[in-house]
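# my questions concern the predicted model and sequence given below.
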Amino acid sequence: MKKVILLAAIALGTMGAQAQTTVAGSKFTDNWSFTLKGGAVMSSNNVADEGFWNGARGIVGAELRKQITPVFGLGVEGEWTINTSSWTGLKSANVFDHQYVGVFGAVNLMNAFAGYTGAPRVFELELVAGTGWLHAYYPHTTCDDGNSWATKVGMNFNFNLGEKKAWTLSLKPAYLWNMNASPEANVLGYAARYDSNYGYLELEAGITYHFGNSNGTHHFVVVRPYDQNEIDALNAQINALRGELDACGANNAALLAQLADLQAQLDACNRRPAVVEKVVKDLNNIRYVFFNLASANIQANQQPNIAMVADQLKENSNATVTVQGYASKDGSLAFNKKLAQRRAEAVKKELTKRYGVAADRVKAEGMGIGDLFTENSWNRVAVCTVNE
């Protein structure tokens, strides 16, 4: 019993030592595993006389386990011995003539003393202790089946396989005691006690599958702890980003309002009736005023054309006139540009000064060198277009 108490104290101490490790994947449905195991078992009372293997018989079993922390786990197990020999002289007809069903706790010594690194190590060592029901199937013609309770301690030498560590191969030596203190209700013919003469040595190998967890792995994952200064800095950063987001939202709202206003203005423009300036270019509204070479002076023979333009403007008070001055190809481009503008201005001056046409009804434009006529000299002209 002292050994059981010692194991419990070790388990509690190691759980407390790991309290500072924060891990992800600690839900009730996380960190379950299932083990199939098998090997040999021998009564320690016969080991000295026969050796382990001479008197050993086969044993098979299974375990269902929940890992509570990276250090401590709890599970249930069942084991059945194969009836290949008789340890008590009472030969049973069953294939499996002894069974053990119990609960156990396991302490991962590597994680307890070296700390959990975030994933299982390739090799790990566990200390296991448990208790349960021990049953022996005797021939009913001889005596009734034996029932007792037992305690068990052992070691697990675990080899975790693969990158995901989903599988584990184990060597599982253990020692089991029959705890029945009543000589009348013994198991396998022995009164139970913590005595090596009334115990059983097991040597098994097991294969374990670790089911997937909610954190996406088959094991615990260490969560990096944050101190309060880091948390405060992150909160400040979040608040600053929220402020920027609010500012962006306000700016976006202003831009949307501006866009809506521009769209309204565009719609209003589209609804306005088009203003069309009707220009009918025919012999009734076009007059030509010709000039001499390199001259902007209006000759007497050109006055009738200007007079006709003035008369047409007087008859239609809403009409305007556009005077476009041109020059022939003689001379430089710069000179001809200025000359074309002077010719247009000369006609405008004649209309306003001589005939009293309002200046805002006359638009004078210098067009530069013209090619209106194939006869080069005819391009020394001012074209007067009356706009009705």
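Received, thanks. Residues are numbered from 1 along each chain as shown.

# pLDDT weak spots in the stretch 251-388 of the chain?
274-282 (pLDDT under 70).

# could you rerun that using 50?
For the stretch 251-388 of the chain, the stretches with pLDDT under 50 are 279-280.

# all helices for it, in order.
Secondary structure of the stretch 251-388 of the chain (DSSP state H, counting those that start in this stretch): helices at 303-315, 333-353.

# now stretch 239-255: buried residues?
For stretch 239-255, a neighbour-count test (16 or more other Cβ atoms under 10 Å) marks nothing as buried. Every C-beta, even on glycine, is put in place using the N, C-alpha and C of the backbone.

# circling back: now the helices of the stretch 251-388 of the chain as CSV including distance to residue 71 and mean neighbour count?
Below are the helices of the stretch 251-388 of the chain laid out as CSV (distance: least, Cβ to Cβ, whole Å; neighbours: other Cβ atoms under 10 Å):
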stretch, distance to residue 71, mean neighbour count
helix 303-315, 109, 16
helix 333-353, 98, 19
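
# quick check: residue 285 vs residue 224, distance?
As judged by Cβ to Cβ, to the nearest Å, residue 285 and residue 224 stand 89 Å apart.

# now do the same contact list for residue 328.
Taking Cβ atoms under 8 Å, 6 or more residues apart in numbering, we find residue 328 in contact with 293, 336, 369-370, 376-377, 379-380.

# what residues are up against the closest residue to it other than its chain neighbours?
Among residues not flanking residue 328 along the chain, residue 379 sits closest, at 4.5 Å (Cβ to Cβ, 6 or more residues apart in numbering). Listed by Cβ under 8 Å, 6+ apart, the contact set of residue 379 reads 326-329, 369-373.

# any of those residues buried? List them.
326-328, 369-370.

# would you mark the buried spots in the longest strand seen in the chain?
Scanning the chain for the strand with the most residues, using DSSP state E, yields strand 146-161. Residues 146, 148-156, 158, 160 are the ones in strand 146-161 that count as buried (16+ other Cβ under 10 Å).

# follow-up on the earlier one: against residue 373, how distant is the residue nearest to residue 328?
Residue 379 is 6 Å from residue 373, by Cβ to Cβ.

# for residue 350, same thing?
Residue 350 sits 22 Å away from residue 373, going by Cβ to Cβ.

# just residue 300 next, same as before
From residue 300 to residue 373 the distance is 22 Å (Cβ to Cβ).

# same question for residue 125.
Distance, residue 125 to residue 373, by Cβ to Cβ: 113 Å.

# give me the subset of the contacts of residue 379 that lies in strands.
326-327, 369.

# between those residues, which is closest to residue 75?
Distance to residue 75, by Cβ to Cβ, is smallest for residue 369 among the ones in strands among the contacts of residue 379, at 105.9 Å.

# so that closest one sits against residue 333, correct?
Yes - Residue 369 is within contact range of residue 333, at 6.8 Å (criterion: Cβ atoms under 8 Å).

# which neighbours do the two share?
Residues within reach of residue 369 and of residue 333 at once, by Cβ under 8 Å, 6+ apart: there are none.

# hang on, the earlier thing: which one of the buried ones among the contacts of residue 379 sits closest to residue 114?
Set against residue 114, the nearest of the buried ones among the contacts of residue 379 by Cβ to Cβ is residue 369 (98.1 Å).

# residues contacting the nearest residue to that closest one once chain neighbours are set aside?
With sequence-adjacent residues excluded and distances taken as Cβ to Cβ, 6+ apart, residue 369 is closest to residue 336, at 5.0 Å. Listed by Cβ under 8 Å, 6+ apart, the contact partners of residue 336 are 327-330, 368-369.

# tell me how far residue 270 lies from residue 359.
According to Cβ to Cβ, residue 270 and residue 359 sit 35 Å apart.

# looking at these two, which has the bigger crowd around it?
Ranked by neighbour count (other Cβ atoms under 10 Å), residue 270 and residue 359 place residue 359 first, with 12 against 7.

# test my guess that the more buried one contacts residue 352.
Yes - between residue 359 and residue 352 there is a contact at 5.1 Å, judged by Cβ under 8 Å.

# centre of the chain to stretch 329-338, how far?
Remark: stretch 329-338 is offset 72 Å from the chain centroid, using Cα atoms, centre = their mean, to the nearest Å.

# please apply the same query to stretch 211-220.
Computed by Cα atoms, centre = their mean, the chain-centroid distance of stretch 211-220 equals 19 Å.

# what's the burial count for residue 97?
Neighbour tally, residue 97, other Cβ under 10 Å: 26.

# ok, now the one 10 residues further on?
Other residues near residue 107 come to 23 when the count uses other Cβ under 10 Å.

# from residue 116, how far out is it?
Distance from residue 107 to residue 116, by Cβ to Cβ: 13 Å.

# joint contacts of those two?
What both residue 107 and residue 116 touch, as defined by Cβ under 8 Å, 6+ apart, is the set residue 71.

# what pLDDT does residue 56 get?
In this model, residue 56 is scored at 81, pLDDT.

# before we move on, what about residue 83?
81.

# touching, it and residue 94? I think so.
Yes - with contact defined as Cβ under 8 Å, residue 83 reaches residue 94; the gap is 5.9 Å.

# so between those two, which is more surrounded?
A direct count of neighbours by other Cβ under 10 Å for residue 83 and residue 94 places residue 83 higher, at 17 against 13.

# distance of the closest residue to that one other than its chain neighbours relative to residue 59?
Closest residue in space to residue 83, ignoring its immediate chain neighbours: residue 97 at 4.2 Å, by Cβ to Cβ, 6+ apart. Remark: distance between residue 97 and residue 59 (Cβ to Cβ) = 11 Å.

# thanks a lot, see you next time.
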